[in-house]
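> What shape does this take:
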Amino acid sequence: MSRHLHGLALLGALLFALPACAAEEPVGAVAIAAAGGPPAMPQKQLQPQPASANAPGRLPMPAQGRLRFELTRGDGRFVAAEALHEWRHDGKQYELQSVTETVGLVAFFRSTRIVWRSRGNVTAQGLQPLAFQAEKRSKPEGGARFDWTRMRLSLDGGPQRELALLPRSQDLLSMFYQLGVQLPELRRLASKPARPDRDGLDAAREFVMPVTNGRKLERYHFELLGEEPLNLSRLGRRQTLHLRTHAGEQLIDIWLDLQAHGLPVKIRYADDKGDAYDQTAVHIDISAADEAAAGAR
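As a prediction, the model looks like this:
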C-alpha cells in the first residue's frame, strides 16, 4: 500500500517540485462515477476575455468533450485513482478542467482530490492561457495569471510575484492539449531522420515549451520518440505519437492519439528512483457533431 501512496504522490508533486527559473531570465466533467464525485464543469456561455495580440485560430479538437482516466502502477491491475479531463471552446476562448481523486483502498487510507483549471484564448498558435488554478483537498495550491499585453506572469503559489512571460507559455493542464494542437507539426518533426549526437541526443527531434504550475515557471525540454501503436485495455489498439519531457526530478511520457485529435490518451509519471504511475484513458466522450466539426477543421 505504501508503494501505491508513493506513486500517487508523483502526480501531486508536479504542483510543488518544479525547479524555478530565474525571475527575469530571458528565453530565446462530468462527475466521476462514484458518490460524491466532482461536479461537471458549469455549462455557461464562455465570457469574453482580454483581447489577444494574435488572431483567433481554429482548434483541431472538438468543441467539447471528456476524457476519463484510471491511474495505476505496476501491472495496471490496481487502480489507485481516477481522473477526469473536461474541455470546451468556441473558437475564441477555451476552458479546461482536470479532477483527480483517489479510489478504493488508497482513498480509505489517504483521500486526495486534485483539481486543475485553465482558461484562455484560442489563437492562430493554439491555446493561450489567461489563468490557471490548482487545488488540493479544496485548498489553493498555486495559481497563475498571464498578461500577454505586458508579457508578465503573476504567480500566486507562495509569495505572490511577477515574472517575465515567455512566448507560447502554457500551464500544467493546457500543456497536454496544446501538444495535440501542434500534432501536425510534431509529426513532421518526428519523421525527420534520427541524427543522435555522441551522447545519444537528437536536437532535430527536440523542442522547448515554457510551463507554469502556478508556483514556478520552467522550460520543458521535449523529446519526440516517434509514432507507435499503443494497446489500451478499454479503448483497444491506438496509433500514437510518443513524447517525453523532464519536470524537475520527474520524467513524463505522453502518448497523443493520432485517431482522436491528438488527445493525451496515456501519461506516465516516473521519479528518479524508477517508480512510475500510469494515467491511462478508459473512455473518450465526444459527440458525433463535435467529432465531425473537428475533423473538418
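
> Any idea how far apart the tips of stretch 244-260 sit?
Start-to-end span of stretch 244-260 (Cα to Cα, to the nearest Å) is 20 Å.

> In it, which residues are buried?
Across stretch 244-260, burial judged by 16 or more other Cβ atoms under 10 Å covers 244-245, 247-248, 250-258, 260. C-beta coordinates here come from the backbone N, C-alpha and C atoms, glycine included.

> now stretch 225-235
Residues of stretch 225-235 classed as buried: 225, 230, 232, 235 (neighbour count, 16+ other Cβ under 10 Å).

> In a markdown table, list these along with pLDDT.
Below are the buried residues of stretch 225-235 laid out as a markdown table (pLDDT from 0 to 100):
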| residue | pLDDT |
| --- | --- |
| 225 | 94 |
| 230 | 96 |
| 232 | 93 |
| 235 | 94 |
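
> tell me the two of those residues that are most distant?
Largest separation among these by Cβ to Cβ: 225 and 235, giving 20.3 Å.

> residue ranges with poor pLDDT in the stretch 1-150 of the chain?
Counting by pLDDT under 70, the stretch 1-150 of the chain shows low-confidence ranges at 1-57, 74-76.

> do that again at 80, thanks
For the stretch 1-150 of the chain, the stretches flagged by pLDDT under 80 are 1-58, 74-77.

> which residues of it fall in helices?
2-13, 104-109 (DSSP state H, counting those that start in this stretch).

> Relative to the whole chain's centre, how far out is the shortest one?
Offset of helix 104-109 from its chain centre (Cα atoms, centre = their mean, to the nearest Å): 25 Å.

> Would you mind putting the CA coordinates of that helix into CSV?
The C-alpha trace of helix 104-109 is given here as CSV (Å, rounded to 0.1, in the frame of the first residue of the first chain):
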residue,chain,number,x,y,z
GLY,A,104,-10.7,2.2,-3.2
LEU,A,105,-8.2,1.3,-0.5
VAL,A,106,-6.0,4.2,-1.3
ALA,A,107,-8.8,6.6,-0.7
PHE,A,108,-9.6,4.8,2.6
PHE,A,109,-6.1,5.4,3.9
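
> what's that helix packed up against?
Judged by 3 or more Cβ pairs under 8 Å, 6 or more residues apart in numbering; DSSP states H and E, helix 104-109 is in contact with helix 2-13, strand 78-89.

> now with 10 Å?
Using 3 or more Cβ pairs under 10 Å, 6 or more residues apart in numbering; DSSP states H and E, the elements in contact with helix 104-109 are helix 2-13, strand 78-89, strand 93-102.
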